[in-house]
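I would like to see how this sequence folds:
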Amino acid sequence: MNANPLKTCNTCGRKFMSPEDFLNNTSRWRVCESGHLWFNCTCNSTNMIIKGKYDWYNPTKQLSGAAQSVFNQIPNMKDLPRIPSYVMEIQTLIQDENTSASRLAAVAKQDPLLASQVLKIANNLVSSRGTKIESLAHAISFIGINALKDIVLVAALKTFKLDCKVFDADHFWEHSFLVGRAAEFLGQRFKLDLLPDEIYIAGSVCNIGKIVLAMCLPEIADRYAAELNDLSKLGTWTAAEARHGGFQHTVLGEIGAMFWGLPEHVTEAVAFHHKMPVMNDAVPLTLAEVVGLANQIAHWIQLEPNQMDEKLYKAFCARFKISEQAAEKLVDEMMALRSAA
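Prediction:
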């Protein structure tokens with residue numbers, strides 16, 4: 001074995017001596033638009049392997065069997081847009097306590113749209129706390145470092161262009177951030193043992209599979225979106241998937257979450273937020289269940305009852321022990337989230 005490490009983590013000093021070392025206790029592997037491979041070390045810091053130095057890496061090995069199958073069935077899945085290199089640089093700077101505000105601002109200015117989206121999402125998150133965030137450096141003081149790094153990533157996803165005629169990206173993200181706020185609300189109400197910021201991120205990207213579909217198969221995304229408003233077919237997105245024998249957005253979302261390097265707990269919520277809950281009081285509530293209930297309630301808050309999965313919604317209410325009367329009261333309380341999202 002080579003005595004010199006292939007890579008040394010700049011944060012914790014961990015030495016990676018072989019390709020096997022890279023795959024041990026690391027996470028969030030993703031390739032940026034410059035072709036460099038990024039990952040999170042055991043200490044959760046962001047590290048990079050330069051282009052051409054990772055021929056051993058296979059992204060599909062991190063996927064479930066169902067996701068691997070779908071990945072191989074859609075030829076242009078491999079062409080999903082990569083995260084810009086400067087987004088990775090911002091994530092790296094955020095985790096470095098020696099980074100100056102001016103340095104962070106200089107990198108953020110490479111993409112003013114991205115910077116504005118980061119601030120918008122960050123302010124959406126902290127709006128209930130009576131705080132207004134003015135800059136990325138300011139955001140570090142009010143939002144956890146890990147959550148802020150993820151917000152930067154979500155903001156990058158939001159700037160991707162879609163070639164759709166009916167599928168409305170603005171409406172998608174409006175609903176997504178409402179789900180994030182609703183999930184955060186429910187997480188605190190039901191005392192989920194996760195940071196509110198992490199719950200918000202998971203809720204905000206739980207339907208990212210629809211964006212993956214819009215990128216890879218825009219005509220199908222348009223068809224589903226049109227049917228949601230077709231009086232003869234009013235129903236849910238999942239019903240449209242079943243009607244046409246299409247790919248499930250939860251599976252597409254798992255692929256997108258892996259491809260773009262979202263955290264593992266977020267990827268799990270993306271993959272399972274439409275799964276029927278197990279009625280077992282001995283099992284703690286999961287992030288996927290909180291996000292799943294928030295996703296259904298968000299349709300109610302947005303006055304889109306036809307897009308609610310009634311069977312799934314009632315199952316979640318039973319799992320959370322929410323009566324019909326309590327559910328109405330809960331939603332009335334959560335209506336204020338609509339203006340904040």
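
got any ranges where the stretch 51-200 of the chain has weak pLDDT?
Within the stretch 51-200 of the chain, the ranges that satisfy pLDDT under 70 run 128-130, 140-141.

Which strands or helices does the longest helix seen in the chain pack on?
Identified as the longest helix of the chain according to DSSP state H is helix 169-189. Counting contacts by 3 or more CB pairs under 8 Å, 6 or more residues apart in numbering; DSSP states H and E, helix 169-189 packs against helix 112-126, helix 196-204, helix 208-216, helix 287-301, helix 324-334, helix 337-340. All C-beta spots, glycine's among them, are computed from the backbone N, C-alpha and C.

quick one: the fifth one to helix 169-189, angle?
I take that to be helix 324-334. Relative orientation of helix 324-334 versus helix 169-189 (axes from the mean of the first three to the mean of the last three CA atoms, to 10 degrees): 120 degrees.

ok, and for helix 324-334, which residues are buried?
By 16 or more other CB atoms under 10 Å, the buried positions in helix 324-334 come out as 327, 330, 334.

Geometric centre of the chain: which residue is closest?
In the chain, the residue lying closest to the centroid (CA atoms, centre = their mean) is residue 205, at 3.2 Å.

Against residue 153, how distant is that one?
9 Å (CB to CB, to the nearest Å).

any weak-confidence spans in the stretch 201-341 of the chain?
For the stretch 201-341 of the chain (pLDDT under 70), the answer is 339-341.

circling back to that earlier point, contacts made by the longest helix of the chain with the rest, please.
With CB atoms under 8 Å, 6 or more residues apart in numbering as the test, helix 169-189 has contacts from 121, 124-125, 158, 162, 192, 194, 196-197, 199-207, 210-211, 214, 287, 290-291, 293-295, 297-299, 301-302, 320, 330, 334, 337-338, 340-341.

buried ones in that helix?
169, 172-173, 175-187.

cool, and stretch 219-228?
220, 221, 222, 223, 224, 225, 227, 228.

and what of stretch 308-325?
Neighbour counts using 16+ other CB under 10 Å place 308, 309, 312, 313, 315, 316, 317, 319, 320, 322 of stretch 308-325 among the buried residues.

go on, stretch 73-82?
Quick answer for stretch 73-82 (16+ other CB under 10 Å): 74, 77, 80, 82.

Please work out how many residues are found near residue 211.
For residue 211, the neighbour count with other CB atoms under 10 Å is 25.

next one: residue 282
5.

same question, residue 106
Applying other CB under 10 Å, I find that residue 106 has 11 neighbouring residues.

what's the strand or helix carrying it packed up against?
Following DSSP states H and E, one finds residue 106 within helix 101-108. Secondary-structure packing of helix 101-108 (3+ CB pairs under 8 Å, 6+ apart): helix 85-95, helix 112-126, helix 136-142.

which residues are in contact with the longest one?
The one in question is helix 112-126. Contacts of helix 112-126 (CB under 8 Å, 6+ apart): 84, 87, 108-109, 132-136, 139, 142-143, 147-148, 151-152, 154-156, 158-159, 177, 180-181, 184, 197, 200, 204, 340-341.

Buried ones among the residues you listed?
Buried subset of these (neighbour count, 16+ other CB under 10 Å): 84, 87, 108, 133, 135-136, 139, 142-143, 147-148, 151-152, 154-156, 158, 177, 180-181, 184, 197, 200, 204, 341.

Could you tell me which residues make contact with the residue nearest to the centre of the chain?
By CB under 8 Å, 6+ apart, the neighbours of residue 205 are 154, 157, 176, 253, 257, 262, 266, 270.

again with residue 284
With CB under 8 Å, 6+ apart, residue 284 has these contacts: residue 193.

Quick check: it vs residue 194, distance?
Distance, residue 284 to residue 194, using CB to CB: 11 Å.

Then residue 335?
24 Å.

Can you pick out the residue with more neighbours from those two?
Taking neighbours as other CB under 10 Å, residue 335 and residue 194 compare with residue 194 leading, 15 against 10.
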